[in-house]
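# sequence first, predicted model second:
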Amino acid sequence: KTVVGLEIRDSNEKKMALGSEVVDSFWVSNYSKTHKTLVVSENPIDNLSYCQLNRNFSCTHIASLGTISDKQCHKIAQLINRGIYKSLKLINDNDFAGYKNDLKIISKFIPQDKLRIVSQEVKSIIIEIENEQIDISNINIFKWILGKIIQNNDLGNKINIEKSASKDWNNEL
């Protein structure tokens, strides 16, 4: 109901205004109680670009404003688990950081004894799936593993990952 953050962006610069580093809130657009799908991206410009490209305005769009926090992931899981939204569409960037954001969100829907993020660096992440550690540093392997995690945990009707052909939806537009 109030402004909690401000992103400043032009052709040469992208930054958050001082005090806008809020870690438990989202940018929200196109909210309606009738929407059944929640669409998540890293930045508002990507949600807006996605809408313009796909002409689908029947979803609520939110942006984490960068790397998604555990609090934000927990809020998303609550919205789905309470039935406020029936499905989740992840449209995070088509890069390693975007896939890490996808994994952080997906992990909130799976018991920690089945999936756990052990450690993460800029270009690698170690996860534990049912007591087996996997070191991921290749984006294609990351994409494949996320698909398997969704499939093996019967999340296919609940979570969909959609990536742009470019780095992000803004570049796609």
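Arrived safely, thanks for sending.
# show me where the chain has helices.
Secondary structure of the chain (DSSP state H): helices located at 44-54, 70-81, 96-107, 139-152, 169-172.
# which one of those helices lies nearest to K33?
Among the helices of the chain, helix 70-81 comes nearest to K33, with 12.4 Å by Cβ to Cβ. Bear in mind the C-beta positions are built from the backbone N, C-alpha and C, glycine included.
# give the buried residues for that closest one.
Using 16 or more other Cβ atoms under 10 Å as the test for burial, helix 70-81 gives 72-73, 76-77, 80.
# of all those, which comes closest to I141?
Closest to I141, out of all of those and judged by Cβ to Cβ, is C73, at 22.2 Å.
# just to revisit the earlier point, tell me which of the helices of the chain sits most buried.
Counting by mean count of other Cβ atoms under 10 Å, helix 96-107 has the highest mean neighbour count of the helices of the chain, with a mean of 22.
# for that one, packing partners?
Other elements packing on helix 96-107 under the criterion 3 or more Cβ pairs under 8 Å, 6 or more residues apart in numbering; DSSP states H and E are helix 70-81, strand 87-90, strand 115-120, strand 125-129, helix 139-152, strand 159-161.
# need the ones you listed in CSV (columns: mean pLDDT).
What follows is those, written out as CSV (pLDDT from 0 to 100):
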stretch, mean pLDDT
helix 70-81, 94
strand 87-90, 97
strand 115-120, 93
strand 125-129, 95
helix 139-152, 96
strand 159-161, 97
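# redo these as TSV? Include distance to T34.
TSV is the format used below for these (distance: least, Cβ to Cβ, whole Å):
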stretch	distance to T34
helix 70-81	15
strand 87-90	14
strand 115-120	32
strand 125-129	36
helix 139-152	26
strand 159-161	19
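# what about stretch 128-135, how long is it end to end?
9 Å (Cα to Cα, to the nearest Å).
# contact partners of it?
For stretch 128-135, contacts defined as Cβ atoms under 8 Å, 6 or more residues apart in numbering pick out 113-118, 124-127, 145, 149.
# kindly recompute the last result at 7 Å.
114-116, 118, 124, 126-127, 145 (Cβ atoms under 7 Å, 6 or more residues apart in numbering).
# stretch 147-165 too?
80, 87-91, 94, 102, 106, 109-110, 115, 146, 171-172.
# keeping just the C-alphas, turn that stretch into PDB.
Taking C-alpha atoms only, stretch 147-165 is exported to PDB below (Å, rounded to 0.1, in the frame of the first residue of the first chain):
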ATOM      1  CA  GLY A 147      13.500 -29.800 -14.100                       C
ATOM      2  CA  LYS A 148      14.100 -33.100 -12.400                       C
ATOM      3  CA  ILE A 149      13.500 -31.600  -8.900                       C
ATOM      4  CA  ILE A 150      10.100 -30.200 -10.100                       C
ATOM      5  CA  GLN A 151       9.200 -33.500 -11.800                       C
ATOM      6  CA  ASN A 152      10.400 -35.800  -8.900                       C
ATOM      7  CA  ASN A 153       8.500 -33.800  -6.300                       C
ATOM      8  CA  ASP A 154       5.200 -33.500  -8.200                       C
ATOM      9  CA  LEU A 155       5.500 -29.800  -8.500                       C
ATOM     10  CA  GLY A 156       4.800 -29.600 -12.300                       C
ATOM     11  CA  ASN A 157       1.200 -28.400 -11.800                       C
ATOM     12  CA  LYS A 158       2.300 -25.800  -9.200                       C
ATOM     13  CA  ILE A 159       5.600 -24.400 -10.500                       C
ATOM     14  CA  ASN A 160       6.700 -23.500 -14.100                       C
ATOM     15  CA  ILE A 161      10.000 -22.000 -15.100                       C
ATOM     16  CA  GLU A 162      10.000 -19.900 -18.200                       C
ATOM     17  CA  LYS A 163      13.200 -18.300 -19.500                       C
ATOM     18  CA  SER A 164      13.700 -15.700 -22.200                       C
ATOM     19  CA  ALA A 165      16.000 -16.600 -25.100                       C
END
